[in-house]
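Participant: can you look at this prediction? I've put the sequence above it.
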There are 4 protein chains.
Amino acid sequence: MHAGRILAGLAFATLFLIGTAGGVSAQDYTRKQWWPSEWGPDDQLGALNRLTPAKVLEASRLIRTGTIYDMTFVYEESMPLFSLTPFRRKYTLLVPGGPTYGATGENKLFWNEDYISGHITQDGTQFDALCHMGTEHGKAGDTNEQRYYNGLWQGQIGDGRGCRKLGVENVTPIFTRGILIDVAGYKGRMLERSEEISVDDLKAALAKQGLSEADIHPGDALFYHTGWSRLWKTDNERFNSGIPGLSPSAGDWVIAKKVLLVGTDNWGVEAIPGPDPKLFAPNHQKFLVENGIYIMENLDFARLLEAKVYEFAFVFGAVPFKGATGSPGRPFAIR
Amino acid sequence: MHAGRILAGLAFATLFLIGTAGGVSAQDYTRKQWWPSEWGPDDQLGALNRLTPAKVLEASRLIRTGTIYDMTFVYEESMPLFSLTPFRRKYTLLVPGGPTYGATGENKLFWNEDYISGHITQDGTQFDALCHMGTEHGKAGDTNEQRYYNGLWQGQIGDGRGCRKLGVENVTPIFTRGILIDVAGYKGRMLERSEEISVDDLKAALAKQGLSEADIHPGDALFYHTGWSRLWKTDNERFNSGIPGLSPSAGDWVIAKKVLLVGTDNWGVEAIPGPDPKLFAPNHQKFLVENGIYIMENLDFARLLEAKVYEFAFVFGAVPFKGATGSPGRPFAIR
Amino acid sequence: MHAGRILAGLAFATLFLIGTAGGVSAQDYTRKQWWPSEWGPDDQLGALNRLTPAKVLEASRLIRTGTIYDMTFVYEESMPLFSLTPFRRKYTLLVPGGPTYGATGENKLFWNEDYISGHITQDGTQFDALCHMGTEHGKAGDTNEQRYYNGLWQGQIGDGRGCRKLGVENVTPIFTRGILIDVAGYKGRMLERSEEISVDDLKAALAKQGLSEADIHPGDALFYHTGWSRLWKTDNERFNSGIPGLSPSAGDWVIAKKVLLVGTDNWGVEAIPGPDPKLFAPNHQKFLVENGIYIMENLDFARLLEAKVYEFAFVFGAVPFKGATGSPGRPFAIR
Amino acid sequence: MHAGRILAGLAFATLFLIGTAGGVSAQDYTRKQWWPSEWGPDDQLGALNRLTPAKVLEASRLIRTGTIYDMTFVYEESMPLFSLTPFRRKYTLLVPGGPTYGATGENKLFWNEDYISGHITQDGTQFDALCHMGTEHGKAGDTNEQRYYNGLWQGQIGDGRGCRKLGVENVTPIFTRGILIDVAGYKGRMLERSEEISVDDLKAALAKQGLSEADIHPGDALFYHTGWSRLWKTDNERFNSGIPGLSPSAGDWVIAKKVLLVGTDNWGVEAIPGPDPKLFAPNHQKFLVENGIYIMENLDFARLLEAKVYEFAFVFGAVPFKGATGSPGRPFAIR
């Protein structure tokens, strides 16, 4: 992280800890320019540039027992469907009650097909592509100043048929080292709505697992457990009402670790609502928009936690829907 | 059953077991009982039972260079959408041309969401779950005699909201040894519509790659390349019109190898239309319905073939849509 | 209505008023045979046979001031979406935030298109086609004994691509005499959940409007106002929780009037939950399945009531979606 | 029509008849200002302002025999789905093959529901709302200069959840006088792709029907028959490839008649491709954007033509999908 980024990080932390009293306004923050990316002005890969063959080999060496740990919640109509926006998300799966087609041939083969509709790239266990978010720097609605990763503006992205750039089809298959920080385990409880996780929390949780911050390597998939997923399907309304998450300074600390992605067991990577009512989802912004670090949400850590597996080969293949803002999928760990 | 049928039945029976020795007709074939499965009467996993920790370790040992080979076609409106059935499949991805929501906060974060609809579990690069197919053994439409893997009947499966059993959510994450047989490479050409691949073809193609049938191990993901995918997006109509594929005896040979799944670069695992007009998709039937062996279709082998990689760690996580008949996804290989 | 039907109606009323004590069980009720229809064994039109040219002329003569009264609620995501079934209904309308296509030509014409998905034939202001419902007379799931209007069985109707018979495309455009009975106005209050409207209530409400039962003519569209629509968008949960409606004997009384359709301002034509817990939606059954009388739900009577218009030309064109179980639309009245 | 409008009409006609030689460029045309509307700067109703009670009464007096003439094609997967744009339209109707829900109660009532998705407001027999189209007057993509009816700009209209203004929910129910001009009947043949219908053609076709231009009254629904609908479902590809339609001067003539809507038996109200390659769909622009005159497409005139009914009460209720760009429906005529 170069000087400008450190300063920005400091300014941001200041903003959060002491409010706007320190003279750095949120508006200033939105005006800084974060591009070109460290991988050049044409890059669309972001932190996936860190997934080198050496990194793949590092991950493969973690496979010692041959055990697979699923990290995915089943997609079903009864899962929490995000409801904070007026554009309420939906999920529908239809299979005819009788065979869709057939029986055909003398072997009398028949078959079923299904039809799915919904916001399936942004609900359930999911992955955010870089076109998912941007920030607006001009007057409201001025597309020229709506900016994405690497400084791309709305006119380069927007299209009713999928994002023209930074869509999830650019995301390569992921096989990397995964590390899970059990913050809820360290705290001995599910974290609360709006509760922030500090850098010290992360360090202490790592220590409890016999690890230190040096065990977070560049290119890692970094996961943290808040316990919030205990509400999955048991209290969807509360699950949707807000979340605990990384403080902005913890977000900066993660960025400095040069990870590939950050994943958690709820639907954001910061506390929502956050302590500063003027900022919305600041880590989403810093990860996706400014640093090209991917985000995974609504992960199921139950199997890893039960087995006390905190370091593993992490596997994920984003479904390459052309132009999509994210992907559902089947993340899993191997040990 | 008239003579022609008996002859066809003979051919088919011969083909199969050499087996039930004399005069077994196709109709008889549909009457044979294939359940309970070798993994017991309650099993829903099928050949995934072969994915043991030892198998995972065998796969991991194939990772030597850290190179990832994507095996997935991008999902897009211009891909071939299967059109053989009256229930024509569709695929739609919508992203608003302007930001979906925001800008929010003083950091002016905005975001995009998308909406997908279509037969996405059965088009593009996809995986078949065990509830995808069955055979009918009674009079037309008699649900009591519509049978699936492990003898389950329609009343246990059918539901307008997804299959109650054998749905893709039962499919565990896959990390196993993969082996690719380049039949088109051996033949020096794209195979033709309706062309059958014999056991000898498979053996010869393996030999050309410096392998033998002993190199197919139980629990492997077995892939074969027909070249038909050259038509993907270049001639969708021809791509959909039919396919080359394994002869029924080659299908039996594959079953005897006790593989986990069979995958190819088109939309079936047999020649369609096949040489026997009275049988429809016989390998689909034998693999999915009778033996619990999974099928993957529309795979992209280009990267593996270019690198001459025929043996690799194969990775796939079926998206666990509850009750779905299959899954899109992101299969890939690691070497 | 022939003698058998009258007897059945009496039996049914008895059943309701004195419980099962009288020896007529609900099960017997489901065993009676209501076909062939009074319009012959091949009829798919049902009570629309009553819409003769003379009936159209009768309706046109009611147009005296040239005033149009809309009877339709706007379709929007915030309307009550029926939630009593596990197959929760949905409604989505998407229009790109920027123009969908263009600008084209030197005249720089651009345009917007939208995409709709959902259970739009069965939510909002809607019309039920005759394939919407049936009754089961054999063992559970036995399709041979699942019966619809005119005795059609499931095998003649069911198809994953729309009902093969009795679909809404058979419904002709409707222009007939409409009559509105303001039961809530007569009671001076919104009716309660599960509250039944008796024949006496209907007669008294008609009398308050200066009408008598003789003013209900064969072929009329008969509407009754319960006040329940006051909950539309103000308390969707309560709106969905149950409804007031016609008692079964009031249902029989309506059938005897030989009306074309029955419409109301909530989502059923009987009290739900009803006083007899063993029966579900008995008027739906008698109207649609046994007598071919159509049903309209979630109508907005506000404009008619405000103008005290109880007799009018009623207009409705069901959208002829082939094979659909119903239709959204734009019912309206002219006076 | 005030002076400015007449001048604009003249300029436009000139452009068409004598090409660009006269010094009036297409670009100039796009710069003229057509707002505020003749119904004031806040109007969203457009030509529906002409549907007065007197007009309703005029229509009702045309009902003399009580005969209803359906004007709607059945909506089905095999109908022509518009394919000129990359955003290819789709239509799907799904009904489970077995009952969706039930059997419930001792009366064993079961029911079917369906699920529809697609561009159903813009395919099949359909009606265009005023937010369907606009013209761009600034540089490409500059939303400030994307203008709609009454001068509304994109920022006032655009929203991923439906148009904020000019959506079809503003369209009131329609019961007006309808008049059908059988141009194909006059020509004795189906018109050709790109063939323009002149004012003289319209007058001659009217004369053949025993009518004159004085028989077109303000507030009428004006229909013209091109015969192109003969291709509906018989040659969808040709149906979609282009259309015959009104010349721009015929468009101006129609506007001067102060009609409420213009409808035809294909998917546009001008010849496409038109004789001037620089202009796209000029009558769409003049009708919808500049004059608030509605458009109906893909109408079925077969029943009216067979009965030689050219003057009738015309009935249409646009389905009030909030924010939609148009509506499917069930237009019909009564005589």
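Facilitator: Structure received.

Participant: please make it C-alpha for all contacts and neighbour counts, starting now.
Facilitator: OK.

Participant: what does the stretch 151-300 of chain A have sitting close to chain B?
Facilitator: When proximity is defined as CA under 8 Å from any CA of the partner chain, the stretch 151-300 of chain A approaches chain B at A:154, A:158-163, A:169, A:172-173, A:277-282, A:285.

Participant: what sits closest to the closest residue to chain D within the stretch 151-300 of chain A if chain neighbours are left out?
Facilitator: When scored by CA to the nearest CA, the stretch 151-300 of chain A has residue A:161 as its residue closest to chain D, at 6.8 Å. Residue nearest to residue A:161 in three dimensions, not counting chain neighbours: residue B:94, with 5.1 Å by CA to CA, 6 or more residues apart in numbering or on different chains.

Participant: what does residue A:206 give?
Facilitator: Using CA to CA, 6+ apart and skipping the chain neighbours, the partner closest in space to residue A:206 is residue A:212 (5.6 Å).

Participant: what about that neighbour, how many residues nearby?
Facilitator: 14 (other CA atoms under 10 Å in any protein chain shown).

Participant: then residue A:200?
Facilitator: 10.

Participant: so it: helix, strand or coil?
Facilitator: helix (DSSP: H, G, I helix; E, B strand; the rest coil).

Participant: quick one, what contacts the closest residue to residue A:90 other than its chain neighbours?
Facilitator: Computed as CA to CA, 6+ apart, the closest residue to residue A:90 that is not its neighbour in sequence is residue A:118, at 4.9 Å. Applying CA atoms under 8 Å, 6 or more residues apart in numbering or on different chains to residue A:118 gives the contacts A:89, A:90, A:91, A:92, B:115, B:116, B:117.

Participant: neighbours of the nearest residue to residue A:273 once chain neighbours are set aside, just the number please.
Facilitator: Spatial nearest neighbour of residue A:273, excluding adjacent residues (CA to CA, 6+ apart): residue A:194 at 5.4 Å. For residue A:194, the count of nearby residues is 19 (other CA under 10 Å).

Participant: can you verify residue A:194 is assigned to a helix?
Facilitator: No. When three-state DSSP is applied, residue A:194 is found to be coil, with no helix at that position.

Participant: and it, how far is that from chain B?
Facilitator: From residue A:194 across to chain B, the span is 16 Å (CA to the nearest CA, to the nearest Å).

Participant: what pairs with the residue most central in space within chain A across the strands?
Facilitator: When CA atoms, centre = their mean is applied to chain A, the residue found nearest the centroid is residue A:295 (1.8 Å). Counting by DSSP bridges, residue A:295 forms beta bridges with residue A:128, residue A:262.

Participant: confirm for me that residue A:257 is in contact with residue A:217.
Facilitator: Yes. When contacts are counted by CA atoms under 8 Å, residue A:257 is listed as touching residue A:217 (6.7 Å).

Participant: hmm, who's touching stretch A:287-298?
Facilitator: Outside stretch A:287-298, the residues that touch it by CA under 8 Å, 6+ apart are A:34-35, A:37, A:45-48, A:72-73, A:124-130, A:133-135, A:148-150, A:229, A:251, A:255, A:259-269, A:284.

Participant: of these, which belong to helices?
Facilitator: Cross-referencing the contacts of stretch A:287-298 against helices under DSSP state H gives A:251, A:255, A:284.

Participant: who's in contact with the second one?
Facilitator: When you say that, I think you mean residue A:255. Residues near residue A:255 by CA under 8 Å, 6+ apart: A:287, A:291, A:293.

Participant: pLDDT score for the second one?
Facilitator: The score at residue A:291 is 97. That number is its pLDDT.

Participant: again with the first one
Facilitator: We have a pLDDT of 98 for residue A:287.

Participant: show me what residue A:92 is bridged to.
Facilitator: residue A:117.

Participant: ok, it - how many residues close by?
Facilitator: When neighbours are counted by other CA under 10 Å, residue A:92 registers 22.

Participant: residue A:77 is in contact with that one, correct?
Facilitator: Yes. Contact criterion CA under 8 Å: residue A:92 and residue A:77 qualify, at 6.6 Å.
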